[in-house]
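Peer 1: output the structure for:
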Amino acid sequence: MERDDDLKAAPQLAKAVLNPNTFQKMRVTNTVWVLNESTAAALELMAKERKNSGMMTTAWWIRRFASWFKILVSSHGTALSFKNRGKFDSAVNSLREYIEITRGISVGKSWKPWQRGTLVATHGFITIATRLLESKEMDFVYGSRFSSNCIENLFSVIRSRNPVPNAFQWKSALKNIILSQYSKTICASNYEHDLTEKFADENFGSVIEFLKHRPQQATISTEHLNSFKSDWPTSLPDLTHKDKNVLYYVCGYILDSVMGNQIVCNDCTDDLIVEAIDADFTEYTKSREYEEGLLTYVSRELYHWFEYAEKIFRTASARCSTLPDLQTLETLVQNIMESSMQEFQCFKPCHSIDQKLMRRFLSFRVKIHSAQTTREVKRKNKAPAVSAGSSTAGGHRYVSTTTTGKK
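Peer 2: Numbers count the residues shown, from 1 in each chain. You can find the predicted model right below:
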């Protein structure tokens, strides 16, 4: 339903996730990408557009499963505790409700192993967690500590350099990992990251992190810019109801990202952040906010500014065959936005937050557009999945191909 769209309500649902092979079926992350609140919110949005009650039923069950899974693999910030008895009772009631749902599901003519396993695991977790908290042996209980993710993390890091180590190599790798506190998520693994920051005492040190610097922005000549503007259409494309909802969610994400990673003040953001507003383009965001206060709601003025930027980007990207690369497309859209900035009066001048929001938005959109372009080229040429190397490389290849006429 969204294969050809740039703005997707469920961008995590790739082909490998929806149609996994034998090995991909064993990956926990693939299941989590399908059965989470984001997918449920996307289904609810599409169900309202298509008036499909079946989608609403599926979304309802996904929300129940996601709530159950979140409690059973709870980690930082989501542990069970008697310190807030109301939340504890709510979590336990949610688990018991899912037990009844699983018990009432009919799959074929007999019970399936996953149904029995779900009931045993859930009932056992409730019993053990309650007993540990009532005996006051523990102040809180992490559901993730009942899984084997921690040991799987360690094994995968050891095997990352040598898939089949001998006893000496295993011992050496284990010693080096513990001493250096080295831990990372292995790509394409079959488990979730355990979030364990250290394998030993804090005196052993920590991991050194390297920052990646973004390349400098491309420049565009005045002649090229004027020639592009001279052929600019008189009207911009309209956005669908789904696109508006997804864009509003993206606006909150971008504003939150700028506030967290760049220098801004309260004066910059006071007029841009509002309480939840009632509008047709906020339905998707409200549906994704499974707990109050988690998501950022932007003002109507800021949303319309992003909507205008999105329309300009779509118009410019549709004619990207006349541009040398995607960085030039990014620069072009920014120049056009700057020339029409006086139409919007929702920004304070103190920290140039409008420029920071624009750069972050364009970086996000170029990445999405590049990935979508790569997929289109692969479908058109029936190329193998590794032909482009990366979404950015594929996007640049597409632009150079359409410009020179060569493959």
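
Peer 1: which positions in stretch 5-15 come out as buried?
Peer 2: Buried residues in stretch 5-15, defined by neighbour count with 16 or more other Cβ atoms under 10 Å: 6-11, 13. Backbone N, C-alpha and C define where each C-beta goes, glycine included.

Peer 1: out of those residues, list just those in helices.
Peer 2: Residues of those located in helices (DSSP state H): none.

Peer 1: rebuild these as TSV, extending it with pLDDT.
Peer 2: TSV is the format used below for the buried residues of stretch 5-15 (pLDDT from 0 to 100):
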residue	pLDDT
6	77
7	82
8	83
9	83
10	81
11	81
13	82
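
Peer 1: of these, closest to residue 363?
Peer 2: residue 6 (14.2 Å; Cβ to Cβ).

Peer 1: next, residue 368: phi, psi?
Peer 2: Phi and psi for residue 368, reported as degrees, to the nearest 10, are phi -70, psi -40.

Peer 1: tell me where the model's unsure across this structure.
Peer 2: 76-77, 180-231, 320-328, 339-345, 382-407 (pLDDT under 70).

Peer 1: repeat the analysis, applying 50 as the threshold.
Peer 2: Judged by pLDDT under 50, the chain has its weakly predicted residues at 194-215, 383-391, 393-395, 397-407.

Peer 1: which SS state does the residue lying farthest from the centre of it fall under?
Peer 2: Using Cα atoms, centre = their mean, the residue of the chain lying farthest from its centre is residue 168. It sits 40.1 Å away. When classified by DSSP: H, G, I helix; E, B strand; the rest coil, residue 168 comes out as helix.

Peer 1: need the contact partners of the helix or strand hosting residue 103.
Peer 2: Taking DSSP states H and E as the definition, residue 103 sits inside helix 85-104. The contact list for helix 85-104, computed with Cβ atoms under 8 Å, 6 or more residues apart in numbering, reads 61, 64-65, 67-68, 71-72, 80-82, 115, 118-119, 122-123, 125-126, 130, 133.

Peer 1: what about the strands in the stretch 1-150 of the chain?
Peer 2: Using DSSP state E, counting those that start in this stretch, the strands found in the stretch 1-150 of the chain span residues 80-81, 140-141.

Peer 1: for residue 299, find the nearest of the ones you listed.
Peer 2: Among the strands of the stretch 1-150 of the chain, strand 80-81 sits nearest to residue 299 (Cβ to Cβ), with 36.8 Å.

Peer 1: for that closest one, packing partners?
Peer 2: helix 85-104, helix 113-134, strand 140-141 (3 or more Cβ pairs under 8 Å, 6 or more residues apart in numbering; DSSP states H and E).

Peer 1: so what's residue 245 closest to, chain neighbours aside?
Peer 2: Computed as Cβ to Cβ, 6 or more residues apart in numbering, the closest residue to residue 245 that is not its neighbour in sequence is residue 284, at 3.6 Å.

Peer 1: any idea how far the helix or strand harbouring that neighbour is from the chain center?
Peer 2: If you go by DSSP H and E, residue 284 is part of helix 283-288. How far helix 283-288 lies from its chain's middle: 15 Å, per Cα atoms, centre = their mean, to the nearest Å.

Peer 1: sorry, back to before: gap between the residue nearest to residue 245 and residue 249?
Peer 2: 6 Å (Cβ to Cβ, to the nearest Å).

Peer 1: surely residue 71 and residue 143 touch.
Peer 2: Yes. Contact criterion Cβ atoms under 8 Å: residue 71 and residue 143 qualify, at 6.0 Å.

Peer 1: identify the contacts common to those two.
Peer 2: Common contact partners of residue 71 and residue 143 (Cβ under 8 Å, 6+ apart): residue 80.

Peer 1: what about residue 316, neighbour count?
Peer 2: If you count neighbours by other Cβ atoms under 10 Å, residue 316 ends up with 19.

Peer 1: mind checking how far the helix or strand containing it is from the chain centre?
Peer 2: Using DSSP H and E, residue 316 falls within helix 300-317. Here helix 300-317 is found 21 Å from its chain centre; the criterion is Cα atoms, centre = their mean.

Peer 1: which helices and strands sit right next to that helix?
Peer 2: Other helices and strands packing on helix 300-317, by 3+ Cβ pairs under 8 Å, 6+ apart, are helix 241-261, helix 326-339, helix 353-381.
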